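Engineer: I'll drop the sequence and a predicted model, then ask my questions.
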Amino acid sequence: MKKQKFYKVLKDNGDCCTSGNGAWNLPTKNEDGTWAPGAWMPKIKGKLMPCENGYHICRRQDLIYWLDETIFEVEYRGVIVEDDEKCVVREARLLCKIETWDEKTARLFAADCAEKVLPIFEADYPDDNRPRLAIQAARDYANEKIESAAWSAAESAAGSAAWSAAESAAGSAARSAARSAARSAAESAAVSAAWSAAGSAARAAAREWQTDLLFKYLEEK
């Protein structure tokens, strides 16, 4: 049986992104391209509790919820407590950096995710092409086909479209849904208002699709 892999999302310097305190011990890359794991993090004492006590790590299906600057493969030892969108462990260390996740990959991934739900937005706003143009601009910028000024203009227009839709369709719920697939990709936020209106089954199916797409990017050599 294939061993399950676990992941940790951090800032480039090892600092935590959305929760937790302090920095993790980073792995180092050897001259031959292999990785030397980072030192084991200090052992957590007390009862393991999600969001309260323990090191949080991701399974494959969790990673989509936590994307940020850097993804590391991580290993743990001892007890593991599984929660809906994460796991909690007492001891962990970083094994290697997932080098296929970078700014370009994040932009392309977010553009794909946004395009997937774009028909929902366009069904309600058929004459508003700002999100579609922003998605294309995001891809062009990621592939170095346009300059940052052109991308910023498209991003701004798409953001305006998203907030207008949010205010007219779903108010604060839509705004809270406007976090992008890659956390900083406004092209995904551009269709978040329409996304928030989808049912739970549709969202679950979309998350599965996003996860498969994400790992397709991550596993590319």
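Structural biologist: Structure's in. What do you need?

Engineer: Look at Lys45 and give its secondary structure.
Structural biologist: coil (DSSP: H, G, I helix; E, B strand; the rest coil).

Engineer: If you could redo that for Glu75, that was the one I meant.
Structural biologist: Recorded secondary structure, Glu75: strand (three-state DSSP).

Engineer: now swap in the one 3 residues further on and tell me
Structural biologist: With three-state DSSP as the basis, the three-state label of Gly78 is strand.

Engineer: Which strands and helices lie in contact with the helix or strand that contains Ile120?
Structural biologist: Following DSSP states H and E, one finds Ile120 within helix 103-124. Counting contacts by 3 or more C-beta pairs under 8 Å, 6 or more residues apart in numbering; DSSP states H and E, helix 103-124 packs against helix 130-142, helix 148-169, helix 186-189, helix 192-196, helix 200-218. To be clear about C-beta, it is placed using only N, CA and C from the backbone, and glycine gets the same treatment.

Engineer: Was I right to think Glu122 contacts Ile135?
Structural biologist: No. In this structure Glu122 lies outside contact range of Ile135 using C-beta atoms under 8 Å: 11.4 Å.

Engineer: Out of the helices and strands packed on helix 103-124, name the one with the poorest average pLDDT.
Structural biologist: Comparing mean pLDDT across the helices and strands packed on helix 103-124, the weakest is helix 186-189, with a mean of 42.

Engineer: how many degrees apart are the helix holding Ile120 and helix 200-218 in direction?
Structural biologist: 150 degrees (axes from the mean of the first three to the mean of the last three C-alpha atoms, to 10 degrees).
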